[in-house]
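Engineer: Need coordinates for the following:
(one chain, ligands or ions: 1)
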Amino acid sequence: MLDWYDRHRRVLPWRAPPGETADAYRVWLSEVMLQQTTVAAVRPRFAAWVARWPDFAALAAADEAEVMAAWAGLGYYARARNLVAAAKVVVAEHGGAFPRDEATLRTLPGLGAYTAAAVAAIAFGQRAVVVDANVERVVARLFAIDTPLPGARVAIRAAAETVTPQARAGDFAQAMMDLGSGVCTPRKPSCLLCPLNADCRGFRDGAPERLPVKAAKKAKPQRHGTIFWLQRDDDVLLVRRPGKGLLGGMRALPTGPWVETMPGLEGAPVATGWQMRNATVSHGFTHFDIELSLAVARTDAHQMADGLWWPIAELDRAGLPTLFAKAAAAVLRRDG
Ligand code: SF4
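Structural biologist: Down below sits the predicted model:
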């Protein structure tokens, strides 16, 4: 694997050149961004982020609202809040540098088993077992582990442990990630090009693409809500969502409750002549899907409790989460 990695490694902005040690801040940030998000989507966001907050000290001193806005569209916003919280702990309690061992890394906000192992291995060369979705797939095939996920994770991790080397554990982890991403792909693994094919039980058994076996997905509940677009001259009303809960702390368009049946105008920011648009916006969250109706009105009120009048022409700088960006686009498409 290490020979293969030396020849085929992906060049990524958060990786160090061969033979050099990667910067722990960049490794950590990239690993957090890459959870649930593709490399292609992360690349430009990573570059913009490190230009603005290049190290722990800068991130610890950042305005959290600006951080949340910079995260907009990447989803799972607790990750962004935890980045700031962890940077503050690193500055206050660890002299501005990450602790080097996996156990202490895990005490930091948001650093779960995976991220702590990835940072310990890639940034500090510690032997740590790093299992992301790509590695999970490679290992399940290599050892022909056919118990369905998520139950198979214990066996996959134990198997990964047996092949993780003492030396160059970080390069080994990245090699497995690259193999999963480019060779041992979900639907059509390129087994003939794979450096592991002589040892791969999944390949030998003839149908590696069926691994890892996934448990049947449960249908997600459907919720409904209304998004309120309240316009005053060339501005629109934004609110900040409560700090705790879904999309917590993010700037957003006002919404009413998210419930099982259409709530209509319940929760509108003002009582006025709302017009319902003949369009809806749909979005999938981890635990439910939501369909939101759009209600639109104009006002000349100057004071609005808990609200912020934001120039519509600069709405792309508000850092709205994807759901609200979609709603704004739907309203503006019609108005334009
Ligand atoms: Fe994956 Fe095929 Fe390589 Fe096995 S031989 S690890 S299934 S690409």
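
Engineer: Within its local environment, how many residues does whichever residue of the stretch 1-150 of the chain sits closest to the ligand see?
Structural biologist: Going by C-beta to the nearest ligand atom, the ligand is nearest to Arg141 of the stretch 1-150 of the chain, at 3.8 Å. (Each C-beta comes from the backbone N, C-alpha and C, glycine too.) For Arg141, the count of nearby residues is 27 (other C-beta atoms under 10 Å).

Engineer: Name the residues of the chain found near the ligand, please.
Structural biologist: The interface of the chain toward the ligand, taken as C-beta under 6 Å from any ligand atom, is made up of 138, 141-142, 183-184, 189, 191, 194, 196-197, 200, 202-203, 208.

Engineer: Just the buried residues out of the residues you listed, in PyMOL syntax.
Structural biologist: The buried residues among the residues of the chain next to the ligand can be selected in PyMOL (16 or more other C-beta atoms under 10 Å) with this line:
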select buried, resi 138+141+142+183+184+189+191+194+196+197+200+202+203+208
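
Engineer: Now do the closest residue to the residue of the stretch 1-150 of the chain closest to the ligand other than its chain neighbours, the pLDDT please.
Structural biologist: In space, Arg141 comes closest to Gly202 once its chain neighbours are excluded; the distance is 3.4 Å by C-beta to C-beta, 6 or more residues apart in numbering. Turning to Gly202, the model gives it a pLDDT of 97.

Engineer: what does Met304 give?
Structural biologist: 67.

Engineer: show me where pLDDT drops low in the stretch 101-250 of the chain?
Structural biologist: Counting by pLDDT under 70, the stretch 101-250 of the chain contains no low-confidence range.

Engineer: again, only using 90
Structural biologist: Counting by pLDDT under 90, the stretch 101-250 of the chain has low-confidence residues at 215-219, 242-250.

Engineer: What residues of stretch 253-270 count as buried?
Structural biologist: For stretch 253-270, the neighbour count (16+ other C-beta under 10 Å) marks 253-256, 258, 263, 268-269 as buried.

Engineer: For this protein, which segments count as strands?
Structural biologist: Taking DSSP state E as the criterion, the chain carries its strands at 222-232, 235-240, 251-252, 275-284, 289-298, 307-311.

Engineer: how about the ones you listed in a markdown table, adding distance to Arg127 and mean neighbour count?
Structural biologist: Formatted as a markdown table, the strands of the chain follow (distance: least, C-beta to C-beta, whole Å; neighbours: other C-beta atoms under 10 Å):
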| stretch | distance to Arg127 | mean neighbour count |
| --- | --- | --- |
| strand 222-232 | 45 | 20 |
| strand 235-240 | 44 | 19 |
| strand 251-252 | 43 | 20 |
| strand 275-284 | 38 | 14 |
| strand 289-298 | 42 | 19 |
| strand 307-311 | 50 | 16 |
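
Engineer: and Trp274, how many neighbours does it have?
Structural biologist: Trp274 is flanked by 18 other residues according to other C-beta under 10 Å.

Engineer: Surely it touches Leu265?
Structural biologist: Yes: counting by C-beta atoms under 8 Å, Trp274 does reach Leu265; the two are 5.6 Å apart.

Engineer: anything in contact with each of these two?
Structural biologist: Ala295 (C-beta atoms under 8 Å, 6 or more residues apart in numbering).

Engineer: Nearest residue to Ala173 in space, please, no chain neighbours.
Structural biologist: Leaving aside its sequence neighbours, Ala173 sits nearest to Val130 (C-beta to C-beta, 6+ apart; 3.7 Å).
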